[in-house]
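Chemist: Need a 3D model of the following:
(chains A, B, C and D)
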Number of protein chains: 2
Amino acid sequence: MEWSDVRIFLAIAREGSLGAAARVVGQTQPTMGRRLRALEAALGQALFQRTTDGFVLTDEGAAVMASAERMEEEALAFERRLAGRESTLSGQLRLAASDWFGSYVLTPVLAEFARRHPSVTVELLTDARLYSLARREADLAFRIKAFDEPDVISRRLLRMPYALYARRGDPRPRKDGRGTRLVTMNAAFGGMPDVTWLKKHLPQASVAFTSNNREAQARMCAEGIGVAVLPTALGEAFPELRRVDLGDPPPSRDTWLGYHKDLKRLNRLRSLLELLAERFAE
Amino acid sequence: MEWSDVRIFLAIAREGSLGAAARVVGQTQPTMGRRLRALEAALGQALFQRTTDGFVLTDEGAAVMASAERMEEEALAFERRLAGRESTLSGQLRLAASDWFGSYVLTPVLAEFARRHPSVTVELLTDARLYSLARREADLAFRIKAFDEPDVISRRLLRMPYALYARRGDPRPRKDGRGTRLVTMNAAFGGMPDVTWLKKHLPQASVAFTSNNREAQARMCAEGIGVAVLPTALGEAFPELRRVDLGDPPPSRDTWLGYHKDLKRLNRLRSLLELLAERFAE
DNA sequence: TTCTTTCCATGCAAAAATGCATGAACAAAA
DNA sequence: TTTTGTTCATGCATTTTTGCATGGAAAGAA
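Modeler: Numbers count the residues shown, from 1 in each chain, chains lettered A, B, ... in the order given. Predicted structure coming up:
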């Protein structure tokens, strides 16, 4: 049995089709089909049923799925261990953060880092989905909660203050919020503390626009669509916006960073962590 | 990183040279060298130091050795799981036993099995070293002790009686053994119960020949070199030998068989186990 | 020292794997 | 029904990998 084919087996099992699996492992569909056939021939058993809607694991395939997954985990650990020992200040560094945090908070620091270490390529992924640190989809991730994945080192980076913003020149909202329109997070984020805060301070206000994208909220707010609770780092970047003080500021939120412990000694990561700590020292 | 190259890494780490590793994985020395180079290039780090006496792991290589070994374990488990589901009565069946046990005790049963199941290839390994059931170096092993490896199913097969043998026509040993010469196990097997038994019954006898090979002992005994304690299954096979009764028979020994639990459902193994149980029923 | 053995690197030809293009099968949409 | 969009299999040219043969370096034996 060719060990590399186990990786292909996993990809097909997860994706359900040769083409999709090929994209995952970076090969072509015919190759995937041929390697799978070779694997099944070597094992003497069929791992998939070729059904009309894709490749479905046979009992045999399902029986070895767990082994294949553990094999993958060890392969990933193998690579992480080694990456953690790279002492050069070169190579790639992949960060994952929410969109506005990446653009407005991180970029200044990353620019400085890039200037200091020209042989390090920084890749910033701003994406709603959570990248896996264990699979090394990202080397460093930023979130608004502490990380609870195993083997991930989690640290509080900074406390991000929030404020209510309105378009410069627009009238100040009435006390109960009647007549005021709101720009807020998506319904999916209903539980967010700033939504609660808004309900308390402007109970009569109506919702004009929602989005899962803070920057889109800021732009809509700048267009005068409504008032919005925004991270100050974002709000202050728009000259059209003006802070509105309702006496009690909206709740601030912590931002955490996390990285896999195997990468603790990765020098380029360490350098960036130091710079981040320095720039965001409270 | 190519997963298959991890296997090559392991082989080189264990063997210490490209040529030896090539023999283990069934490839050639140049290929091993090139694959290793490719692996190191992909990882960006050297895994071995090329010293005058072979390939020695660097710190980096040592750091990932454990991951590579666990990866191998999972690969082996993958294959075992699948083998355990093969329902056909064909394919290979590899047995490991001590030399005389294999030749004199097993062969009759194996011959019968081979006749019954012509599409199963039985391979009998008689070798001093212990084959690993976990690595599937053998599907079924016979030993004189219960197996204590994890995940191995161990069962007592039979009790093998032993007896003292001398060449037919040679004089019976004196009561204290003075003047009698002995053919026994190697010094390395000093603690064997038959040695103790000999010391007790023929304390004055001297040792003429030792070997770790019971059959060699039987042949030397048949040549008249000395008396020997042999398994009766072996002793009775030599017409030149005659049983010598000293009143109290030498201790008999149990023979155990063991196989990996993942192979419990392997039909060809089950058939052989049934036949063995039948033929050796007490 | 010289001879022998062992081991790794490399050139080159043969073999194998890969990717592209295409065709067939099938399901969903028009 | 026809059309459209997916998905897998296969032929073929190309690229890549492999094995063989050879040479050189180093260590041990004579």
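Chemist: Sketch out the low-pLDDT regions of the stretch 51-200 of chain A for me.
Modeler: For the stretch 51-200 of chain A, the stretches flagged by pLDDT under 70 are A:128, A:187-191.
Chemist: Outline the domain layout of chain A.
Modeler: Listed domain ranges for chain A are A:3-83, A:91-157+A:254-279, A:162-251 (source: automatic domain parsing).
Chemist: May I see those domains organised as TSV, with mean neighbour count and distance to DNA strand C added?
Modeler: C-beta coordinates here come from the backbone N, C-alpha and C atoms, glycine included. Formatted as TSV, those follow (neighbours: other C-beta atoms under 10 Å in any protein chain shown; distance: least, C-beta to the nearest atom of the strand, whole Å):
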stretch	mean neighbour count	distance to DNA strand C
domain A:3-83	17	3
domain A:91-157+A:254-279	17	22
domain A:162-251	17	25
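Chemist: Nearest to B:Leu246 among those domains would be which one?
Modeler: B:Leu246 sits nearest to domain A:3-83 of all the domains of chain A, at 54.5 Å, using C-beta to C-beta.
Chemist: and the closest one, how far apart are its ends?
Modeler: End-to-end span of domain A:3-83 (C-alpha to C-alpha, to the nearest Å): 22 Å.
Chemist: what's the answer for stretch A:122-138, then?
Modeler: 11 Å.
Chemist: how about it, does it get close to chain B?
Modeler: No. Using C-beta under 8 Å from any C-beta of the partner chain, stretch A:122-138 never reaches chain B; the gap is at least 11.3 Å.
Chemist: Any chance of the domains of chain A in CSV with distance to B:Ile8 as columns?
Modeler: Compiled in CSV, these are given as follows (distance: least, C-beta to C-beta, whole Å):
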stretch, distance to B:Ile8
domain A:3-83, 10
domain A:91-157+A:254-279, 22
domain A:162-251, 47
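Chemist: which stretches of the stretch 51-200 of chain A form strands?
Modeler: Applying DSSP state E, counting those that start in this stretch to the stretch 51-200 of chain A gives strands spanning A:54-57, A:91-97, A:120-126, A:140-143, A:152-160, A:162-167, A:181-185.
Chemist: Of those strands, which is nearest DNA strand D?
Modeler: strand A:54-57 (5.4 Å; C-beta to the nearest atom of the strand).
Chemist: Longest helix in chain A, by number of residues?
Modeler: Using DSSP state H, we find that the single longest helix of chain A is helix A:59-83.
Chemist: Is that helix in proximity to DNA strand D?
Modeler: No. Judged by C-beta under 7 Å from any atom of the strand, helix A:59-83 makes no contact with DNA strand D; its nearest approach is 14.2 Å.
Chemist: who's in contact with the residue of chain A positioned farthest from its centre?
Modeler: Farthest-out residue of chain A from its mean C-alpha position, per C-alpha atoms, centre = their mean: A:Gly44, at 41.6 Å. By C-beta atoms under 8 Å, 6 or more residues apart in numbering or on different chains, A:Gly44 lies in contact with B:82, B:86, B:91.
Chemist: Excluding chain neighbours, what is closest to the first one?
Modeler: Distance criterion C-beta to C-beta, 6 or more residues apart in numbering or on different chains; nearest residue to B:Leu82, sequence neighbours excluded, is A:Leu43 at 5.3 Å.
Chemist: give the contact list for the one you found.
Modeler: Taking C-beta under 8 Å, 6+ apart, we find A:Leu43 in contact with A:1, B:79, B:82.
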